[in-house]
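Q: Give me the fold of what follows.
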Amino acid sequence: MKKVLSMVAALLLCVGTQAQIVSSRSAIVKTEKQASSTQWFLRAGLNIMNFSGDGAEGADSNIGYNATFGYQKPLGSTGGYWGMEFGLGSRGFKVDDTKCMAHNIQYSPFTFGWKFAVADNVRIDPHVGVFASYDYTSKMKEDGESISWGDYADYMEVDYNHFDAGMNIGVGVWYDRFNLDLTYERGFIDAFSDADGFKTSNFMIRLGIAF
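A: You can find the predicted model right below:
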């Protein structure tokens with residue numbers, strides 16, 4: 001009888017130990033999954049638009065907008081991440097009383113960044129990435145009259161490039177789920193074919209929230 005009881009006790013001890021190991025492994029896996037969770041966010045704000053290059057001499061800044069929806073996925077556990085964004089934005093400039101603005105669809109296929117903590121729930125977020133955009137409508141307006149960028153290009157006998165691509169670099173501050181982001185966006189494609197050095201130059205000030 002004592003031998004049987006000893007065997008039962010040993011069996012129960014083995015089962016309990018195995019259950020504890022499985023539970024510990026499950027907790028570790030769960031923690032790893034939580035650490036690698038994707039963070040989705042909305043971000044929108046002010047866009048200080050201009051163009052840069054030899055062809056943009058005399059152009060002043062105009063005020064536009066930018067609004068994006070995207071995600072960030074951690075790269076390991078050091079604070080690094082990569083992400084994507086999709087949204088609506090603008091580019092443009094101003095010359096004297098003529099205000100020029102094009103509205104576009106924007107896509108950022110990848111952005112790399114690194115978040116590092118500086119205080120409780122406060123993180124600094126430097127980042128760099130690339131973007132592509134397509135102008136779906138545009139306007140040059142002066143004294144109540146306006147024409148599209150395409151009509152202006154036809155009048156000047158040049159080609160208007162609806163498509164643009166380039167890079168952006170910026171830094172953000174996160175407080176818990178809330179974000180203030182400052183980003184400079186530079187296009188690599190001239191907006192008008194014969195205007196050598198007429199490239200998108202935007203500075204964006206945006207607020208965001210993660211969920």
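
Q: can we go C-alpha only for contacts and neighbour counts from here?
A: OK.

Q: What are the buried residues along stretch 159-178?
A: For stretch 159-178, burial by neighbour count (16 or more other CA atoms under 10 Å) applies to 159-174, 178.

Q: same thing with stretch 139-153?
A: For stretch 139-153, by 16+ other CA under 10 Å, it's 139, 140, 141, 148, 149, 150, 152, 153.

Q: what about the longest strand along the chain, distance to the chain center?
A: The residue-count maximum for a strand in the chain (DSSP state E) belongs to strand 122-142. With CA atoms, centre = their mean, to the nearest Å as the basis, strand 122-142 stands 9 Å off its chain's centre.

Q: who's residue 104 bridged to?
A: Legend: beta-bridge partners of residue 104 under DSSP bridges are residue 89, residue 135.

Q: Please apply the same query to the one 10 residues further on.
A: Residue 114 has these beta-bridge partners by DSSP bridges: residue 80.

Q: What pLDDT does the model give it?
A: Note for residue 114: predicted pLDDT of 97.

Q: okay, now it: neighbour count?
A: 18 (other CA atoms under 10 Å).

Q: Contacts only, for it.
A: Contacts for residue 114 were tallied using CA atoms under 8 Å, 6 or more residues apart in numbering; they are 79, 80, 81, 124, 125, 126, 127.

Q: what's the neighbour count on residue 189?
A: With other CA under 10 Å as criterion, residue 189 counts 18.

Q: any idea how far it lies from residue 91?
A: Going from residue 189 to residue 91 by CA to CA, to the nearest Å gives 13 Å.

Q: Break down this protein into its strands, ranges please.
A: Here the chain has its strands, by DSSP E, at 39-52, 62-74, 80-95, 98-114, 116-119, 122-142, 145-147, 163-175, 178-187, 199-210.
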